[in-house]
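Novice: coords please:
(chains A and B)
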Amino acid sequence: QQQVKQSPQSLIVQKGGISIINCAYENTAFDYFPWYQQFPGKGPALLIAIRPDVSEKKEGRFTISFNKSAKQFSLHIMDSQPGDSATYFCAASIGTSGSRLTFGEGTQLTVNP
Amino acid sequence: DAGVTQSPTHLIKTRGQHVTLRCSPISGHKSVSWYQQVLGQGPQFIFQYYEKEERGRGNFPDRFSARQFPNYSSELNVNALLLGDSALYLCASSLWGGPLHFGNGTRLTVT
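Specialist: The predicted structure follows:
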């Protein structure tokens, strides 16, 4: 059962543009929503995370927007750079942030110079 | 500080064989989790261990087992390997309630 659906599967953006990746979840018990960045040959690295008591969280060029009623959350990458080219995964879990994560299927982002 | 270390980095096995993958967590982290990442998909949760006890198990067959040692390192064992077990196996460590820190994984190929 796919509990976290991610789109688009792939995304091409020009340098300086905004990259937007969307996720939708089904389980209303989820209360921790992280985004991970994965480069080829590496493990996923935590980028930014949000809990449902806030609608937006910003860290540098990365922003999470959260819509609890729609059960959706999204990652915005401002001023996208070629070094941002990677695969991005949204995830969700119940309770502690270290507990079992349910991941989306990933978005392969390419930022052209 | 050293991150999560996994060994080996690559492994090739034959169907029906057994495999053991190893993970050393970040110093001070007592929780270790294992995930399977099939090519082109997101990681799937297999196990979580904390203080040497199993705290969670994903939807994987009994061929998959794991354990955590007193130094908090962990092993993932897979018996009777199938072609479909070919994947990147990721280990992650954390403080209890803290965010997961992943290693770079073990790439397992079953032929």
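Novice: report the contact partners of B:Thr9.
Specialist: Applying Cβ atoms under 8 Å, 6 or more residues apart in numbering or on different chains to B:Thr9 gives the contacts B:104-107. Any C-beta I mention is one placed from the backbone N, CA and C, and that applies to glycine too.
Novice: so which of the residues you listed also contact chain A?
Specialist: B:104-105 (Cβ under 8 Å from any Cβ of the partner chain).
Novice: can you list the contacts of B:Thr9 in JSON lines and add pLDDT and neighbour count?
Specialist: Shown next, in JSON lines, are those (pLDDT from 0 to 100; neighbours: other Cβ atoms under 10 Å in any protein chain shown):
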{"residue": "B:Asn104", "pLDDT": "97", "neighbour count": "18"}
{"residue": "B:Gly105", "pLDDT": "97", "neighbour count": "26"}
{"residue": "B:Thr106", "pLDDT": "98", "neighbour count": "21"}
{"residue": "B:Arg107", "pLDDT": "97", "neighbour count": "17"}
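Novice: residues near residue 32, how many?
Specialist: I went with chain A, as the question did not name one. When neighbours are counted by other Cβ atoms under 10 Å in any protein chain shown, A:Tyr32 registers 19.
Novice: chain B was what I was after
Specialist: 31.
Novice: just give the closest residue to it, not the sequence neighbours.
Specialist: In this structure, B:Val32 finds its nearest non-sequential neighbour in B:Ser74, 4.3 Å apart by Cβ to Cβ, 6 or more residues apart in numbering or on different chains.
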